[in-house]
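Asks: predicted model and sequence below, questions to follow.
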Amino acid sequence: MDSKELIKEIILDGTKEEKKFLFGFDATTPKKTVLNKFKVYARGMYPRYFKGESAPFHDEMVLNYIDSYYGENYLNIAFRGSAKTSIMKLFVTFVLLNDGDKHRNYIKVLTKDGKNSKQIVTDIYNLMVEVKDIYGDVFEREGDTKREETMGSFTMKNGRKLSSGTVGQTQRGHVQDAYRPDWIWFDDIEDRDSVRSLTITDGIIEKTQEAIDGLAKDGSYTCTANYISEEGVVEWMKTKPSVNTMITPILIDGIPTWAYYSTADIAKIKADADDFAGEYMCDPQSSDNKFFSVEQVKADLELCREPSKVIVGAKYWGSYLPHHRYGIGADTSAGVGLDSNTYVLWDFKTGEAMATYHNNTIAPDIFGHELMRIGREFGECIIGPERNNTGYATLTAMDGYPNIYQERTMGKQVQGVTNQLGWHTNRKSKPTMFFEFRKDYTDGLIKIYDSDLLQEMLRYTASDMQNVTQSSVTRHFDLLTAAVIGWQMKSYAGQPQNINKIRDRHMMRQRNMKNQAR
């Protein structure tokens, strides 16, 4: 009888002791042997999880899970439907029941949504109940009855614990090192709502770091994730030097990475997916939902050059020329380390972004003085600060500057000037200004040398453009917002008096018509 037949016989008709020996391992067991034991255990005990051949990348995933269990930090980015979470649930079940050394004593599952982490704990509990004929009742208090409702944690008779939590709650407060988690599994720690909000994203990052800092001395973590944003929590974790990252798209060079998905299946998925590039190709940078041409922005990034000078944080790519028309757009913030106060100065004769500035600690009123400084340097050019909550402080500080944009009203025959200072981005103005900016950029009328601004353009999506709520305005796009507002100033730079004359002529014409009617 060969080894495969023997294994099959043990799984089907072997004694409890034979099965425990077949699946058991300890720290001296070679890693590839642990992998093979896990595969035999998972397929033999839970065949419903395996509807066909495993993917070639599944072995590498499990080997990385093993490394993480023994001390390495692992980020598993894989396409939706890759079975990364299901395999991890089976792996946690496997190590809790079969590790003779009990290498990890307190495993914690953290997700963005607390229901998800509780469901994972419940699923693992039920998987362990399914094999009670081999391992008996292994639980300290819960007993060996299968659970239908979700549960937050369980403790085994040997002292090992599995608990759930969220990345939105504080992770501090463990009584002593012995009770700190020694292995954390982060799963689905961000979604499309969270990546749109800087406040939520930064909050998750802070609590995730708290959880990592709160690990036991020899602790480690695994994160299973989709790659939906270059600016979210997954990207932050991906840049950590201590993390081993594995990225698995659904296609490589047009060939499916898992035979479970045919090319026809993938074509259907692509037709139905909102973000095929991010969720299935693990490449959010190439998303079909991008607002600007990825190829054009990448080409311009290759042409970026260092600023000619930097003054108090403002980067310059040229100097003032009296015969050119200039204008500045500004996006304001509270200056408390979150969103940035930003501006972009345009030379409308050449279409070049001549100066940029971003600072997330400067107060909005001090930012107003910085705007006046550079405005005066460029001939008291027109400045259009965003008129939002913090923008009022900026506008108040700019009292006395002679060329602040005043809101326009559109009549049937003439454009009027109101007393409202500053630019207001709303549901009507935002699509107009962004589409106009994109058209002029695409047509080659706009030249940008600042890589920070181009990177924001590269990340910007059509969904971001459509969202005008304040919560969606984050530091991710502060420079871009300032650039787009600044580009709108081209219609008003150097000629605010002309608009007043047109309005006065229109009003006089209306009065003359009324007098003639009398």
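Replies: Nice, I can see it. Numbers count the residues shown, from 1 in each chain.
Asks: contacts and neighbour counts: CA atoms only from here.
Replies: Noted.
Asks: now stretch 378-396: buried residues?
Replies: For stretch 378-396, burial by neighbour count (16 or more other CA atoms under 10 Å) applies to 378-388, 390-395.
Asks: quote the end-to-end distance of that stretch.
Replies: 21 Å (CA to CA, to the nearest Å).
Asks: separation between the spatially most central residue of the chain and residue 430?
Replies: Of all residues in the chain, the one closest to the mean position by CA atoms, centre = their mean is residue 232, 2.3 Å from it. Residue 232 sits 24 Å away from residue 430 when distances are taken as CA to CA.
Asks: cool, residue 278 as well?
Replies: From residue 278 across to residue 430, the span is 25 Å (CA to CA).
Asks: more neighbours, these two?
Replies: residue 278 (25 against 19; other CA atoms under 10 Å).
Asks: that one: what secondary structure?
Replies: helix (DSSP: H, G, I helix; E, B strand; the rest coil).
Asks: leaving out sequence neighbours, find the closest residue to it.
Replies: Spatial nearest neighbour of residue 278, chain neighbours left out: residue 284 (4.0 Å); criterion: CA to CA, 6 or more residues apart in numbering.
Asks: so that neighbour makes contact with residue 290?
Replies: No: using CA atoms under 8 Å, residue 284 makes no contact with residue 290, being 9.1 Å away.
Asks: pretty sure residue 481 contacts residue 331?
Replies: Yes: in this structure, residue 481 is within contact of residue 331 by CA under 8 Å, at 6.4 Å.
Asks: so if I had to pick from the two, which one is more boxed in?
Replies: Applying other CA under 10 Å to residue 481 and residue 331 shows that residue 331 carries more neighbours, namely 33 against 29.
Asks: ok, now how distant is the more buried one from residue 408?
Replies: Using CA to CA, residue 331 is found at 19 Å from residue 408.
Asks: could you do residue 446 as well?
Replies: On the measure of CA to CA, residue 446 and residue 408 end up 24 Å apart.
Asks: if you count what's nearby, which of these two comes out ahead?
Replies: Taking neighbours as other CA under 10 Å, residue 446 and residue 408 compare with residue 446 leading, 19 against 15.
Asks: what does stretch 285-305 rub up against?
Replies: 229-230, 274-278, 438, 442, 448-451, 454, 457-463, 465 (CA atoms under 8 Å, 6 or more residues apart in numbering).
Asks: first-to-last residue distance for it?
Replies: End-to-end distance (CA to CA), stretch 285-305: 22 Å.
Asks: now swap in stretch 191-206 and tell me
Replies: 16 Å.
Asks: ok, for residue 165, nearest residue in space, not its chain neighbours?
Replies: residue 110 (4.8 Å).
Asks: residue 320 too?
Replies: Per CA to CA, 6+ apart, closest to residue 320 is residue 378, 5.4 Å.
Asks: how about that neighbour, what does it touch?
Replies: 320, 321, 326 are the contacts of residue 378 under CA under 8 Å, 6+ apart.
Asks: please report how far the residue nearest to the centre of the chain lies from residue 285.
Replies: 13 Å.
Asks: residue boundaries of the helices in the stretch 401-518 of the chain?
Replies: According to DSSP state H, counting those that start in this stretch, the stretch 401-518 of the chain carries its helices in the segments 429-442, 451-459, 462-466, 478-488, 496-517.
Asks: by how many degrees do the fourth one and helix 451-459 diverge?
Replies: Orientation check (axes from the mean of the first three to the mean of the last three CA atoms, to 10 degrees): helix 478-488 against helix 451-459 gives 90 degrees.
Asks: show me what contacts the closest residue to residue 243 other than its chain neighbours?
Replies: Nearest-residue entry for residue 243: residue 73, 4.9 Å, with adjacent residues in sequence omitted and distances by CA to CA, 6+ apart. Contacts for residue 73 (CA under 8 Å, 6+ apart) come out as 220, 221, 222, 242, 243, 244.
Asks: kindly report the same for residue 317.
Replies: For residue 317, the contact set (CA under 8 Å, 6+ apart) comprises 307, 308, 309, 353, 354, 355, 449.
Asks: what is the burial count for the residue nearest to residue 278?
Replies: Around residue 284 there are 22 residues (other CA under 10 Å).
Asks: tell me the spacing between it and residue 226.
Replies: 10 Å.
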